[in-house]
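# one predicted model, sequence on top.
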Amino acid sequence: MVITLLALMPQIHFWFARGSHWHGTYTILQPDELLYSAYVNALIDGRPRRNDPTSAQDDHPQASLPESLFSIQFVPAYAIALSARAFVASAATAFIILIGVTGLLSSLSIFWLLASLTGDSKFAGAGVLVVLCLGALAGGQGLIGLLLGSDVKFLGLPFLRAYEPSAAFPLFFVFCTLIWQSLTTAFKRTAKIKALLAGLSLALLIFSYFYLWTAAAVWLGCISCLWFVLRTGDRRDSFSRLIVAGPPVIIALGFYIYLLSHLPSSLDNAKLVVLTFTRKPDLLRVPEVIGGIILVALIMGVRRNQFSREEPRVIMIASLALLPFLLFNQQLITGRSVQPFHYEILIANYAVLVGLVLTFGLLLPAFTNRTTLLIFVSCLLWGTVEVGLAIHARYASNVTYDEMVPVLLRLKDHAEDDGTWKGLRDSGRAPTVVFSPEYRLSGLLPTWAPQGSLLAAESASFRGQSESDRKERLYTHFYYCRRSKEYVRVLLNGGAGDPFGTYYARSTIFGPDRAVTFLGSEFQPIRSDEIEREVGVYDAFARSFSHENAIKLKLGYVVAASDGMFDFSAIDVWYQRGASEHVGGFELYRLKLRE
């Protein structure tokens, strides 16, 4: 219950702070969550697995869409969307419920793992708080990241990022528990059933989140090798048990590889998955430091005859301690590294904390009630501070998003009569798009309404737009906002006082790997000559903007703030505006293209 309440604390705080002004949005831990909720909203609306909610495109015989990372990792999205459809809930409501459910199921799954290994429910309960409250600390994020001045990517409790990895996060520890029980139970039939269930769990993880299933597979290989090497008398029996997990995993991998083969060849060009070619060792990440401490403690315990290296629990702890070293150094063999910080923040840190808790249980088997209470209070305080940081950091942004919801709901009401639904059904594409000078409104739009936006924010994730299409949309947005080349130059250099706009423009034009430092290990800053070249491209585009450009990205609506500050002159050249519809703090206009 403590973890569930901590998980829901940002939303509860937001409810109380907003009061009657709350319009239904969920509190956002990471910006990527807007993409996840957009995809879930499309599935709730009954749209196909392959869709691009940002630009209002669906897979259709007349307009086929390729596979994307969303359409391949479909299990969490469909689980959330189908549940939401059953209860007639919005994507935002589903995400609010998901956060609470994740806190509950994550606690139970880790409790089950710790209790299975120790047989001590009190110890397991305290261990749950250690693992989930200190996860950000073990990943070098949150408060410790701020204090050390490192590149902080996550505040709060990282495992709660919805829906990746939150929806499938408990399944990782369920998988670990089933493998453990399969190896240690005395009854062979029960062991094989557990192994089969573990295989099914891994199969679900394969279609849930890349970093979870690969971590689970690496851990399975690690514990299997340790078990066969250290428990020579159990090799035949252990192999006969574990092999049962193979068939569902092999079938799932076959289908997974088939779907991967249908990813567009230009995926790397979109810089969504930054693949670094390297064989350099990576040994100084925080989970590895914790894993190294655990291994030293185990070696000393074995030498002092406190326990045997063949003891199953020792092997289990060693496998968890070795996991981060394997995850962060597999490139020594493969020569490839794929954004390893995801492992560091979202799973390796939690796995190694489970190993640390089990190590303390092995070395100090008797915990007094006072010690347990001290652990409980300390972890609760630390977890509260971590969550409080996230609340403070994201509150203003969440308010901004919440104030946009009424006008987006109004757009959803118009979707039937403006041709959006008909276009998606008949041709797989909406006939018009929504323009707004507010970047954030374009990002939030697909979570609430089926219309696409002119910017189609982060459409690269759904593979619905080419790189040139995304740039053209951005330049068209600048044109309608009457942005000069001088403004674009300042924006790309980060001096416009608009960090969100700067990031979006830089990532769209140069790629996300050039806009942020942590996606790849070989970050290449954007050079001034590159910025000047793109400024020139935009200037030429704006000067030559024509009726054909307006038709190509036909606007159906304009959504502008009610303060009257937006200059409509560029839009009025090409469109006739209908009467203004005042919704919340925005004005909504229907547009008709001029002849």
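Received it, and whenever you're ready, just let me know what you need.

# surely residue 90 touches residue 41?
Yes - under the criterion of CB atoms under 8 Å, residue 90 makes contact with residue 41 at 7.4 Å. The C-beta positions use only the backbone N, C-alpha and C, and glycine is treated the same way.

# overlap in contacts, these two.
Common neighbours of residue 90 and residue 41 (criterion: CB atoms under 8 Å, 6 or more residues apart in numbering): residue 448.

# so between the two, which is more surrounded?
More neighbours surround residue 41 than the other of residue 90 and residue 41, with 25 against 21 (other CB atoms under 10 Å).

# ok, residues contacting stretch 29-46?
10, 26, 28, 49, 51, 53-54, 70, 77-78, 80-82, 84-85, 90-92, 94-95, 154-156, 160-164, 390, 394, 443-444, 446-448, 450, 457-458, 461-462.

# mark which of those are buried, thanks.
Buried subset of the contacts of stretch 29-46 (neighbour count, 16 or more other CB atoms under 10 Å): 10, 26, 28, 49, 51, 53-54, 70, 77, 80-81, 84, 90-92, 94-95, 154-156, 160-164, 390, 394, 443-444, 446-448, 450, 457-458, 461-462.

# quick one: contacts for residue 579?
residue 589.

# surely it is in a strand?
No - under DSSP: H, G, I helix; E, B strand; the rest coil, residue 579 sits outside any strand and is assigned coil.

# mind listing the helices for the stretch 301-450 of the chain?
Using DSSP state H, counting those that start in this stretch, the helices found in the stretch 301-450 of the chain span residues 312-329, 331-334, 341-346, 348-363, 369-414, 420-427, 439-448.

# tell me the buried residues in the shortest one?
Right, the one you point to is helix 331-334. Neighbour counts over helix 331-334 (16+ other CB under 10 Å) mark residue 331 as buried.

# residue numbering should commence at 412 henceforth.
Renumbered: residue one is now 412, and that last one reads helix 742-745.

# how about the CA coordinates for it, as PDB?
The C-alpha coordinates for helix 742-745 follow below in PDB (Å, rounded to 0.1, in the frame of the first residue of the first chain):
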ATOM      1  CA  GLN A 742      29.400  -4.800 -26.800                       C
ATOM      2  CA  LEU A 743      32.700  -6.400 -26.100                       C
ATOM      3  CA  ILE A 744      31.400  -9.400 -28.000                       C
ATOM      4  CA  THR A 745      28.700  -7.900 -30.300                       C
END
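
# what sits against residue 765?
When contacts are counted by CB under 8 Å, 6+ apart, residue 765 touches 521, 524, 525, 538, 542, 584, 587, 731.

# what of residue 664?
Residue 664 sits next to residue 617 when contact means CB under 8 Å, 6+ apart.

# please tell me I have it right and residue 802 contacts residue 426.
No - using CB under 8 Å, residue 802 makes no contact with residue 426, being 12.0 Å away.

# before we move on, the earlier item: okay, and which of the buried ones among the contacts of stretch 440-457 map to helices?
Counting by DSSP state H, the buried ones among the contacts of stretch 440-457 place 421, 481, 488, 491-492, 495, 502-503, 505-506, 801, 805, 854-855, 857-859 in helices.

# residue 982 touches residue 968, doesn't it?
No - the criterion here is CB under 8 Å, and residue 982 misses it with residue 968 at 10.9 Å.

# and for those two, which residues touch both?
Common contact partners of residue 982 and residue 968 (CB under 8 Å, 6+ apart): 846, 1002.

# what packs against the strand or helix carrying residue 581?
Per DSSP states H and E, residue 581 falls inside helix 580-595. Counting contacts by 3 or more CB pairs under 8 Å, 6 or more residues apart in numbering; DSSP states H and E, helix 580-595 packs against helix 502-529, helix 599-617, helix 621-641, helix 646-653, helix 723-740, helix 759-774.

# pull out the buried residues from the third one.
Applying a neighbour-count criterion of 16+ other CB under 10 Å, the buried positions in helix 621-641 are 621-631, 633-635, 637-638, 641.

# any idea how far apart the tips of stretch 825-842 sit?
Using CA to CA, to the nearest Å, one end of stretch 825-842 lies 13 Å from the other.

# neighbouring contacts of it?
Here stretch 825-842 makes contact (CB under 8 Å, 6+ apart) with 458, 467-474, 476, 843, 860-863, 965, 967-968, 1001.

# narrow those residues to those in helices?
With DSSP H as the criterion, helices contain none of the contacts of stretch 825-842.

# just the buried residues from these, in ChimeraX please.
Selection of buried members from the contacts of stretch 825-842 for ChimeraX, criterion 16+ other CB under 10 Å:
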select :458,467,468,469,470,471,476,843,860,861,862,863,967,968,1001
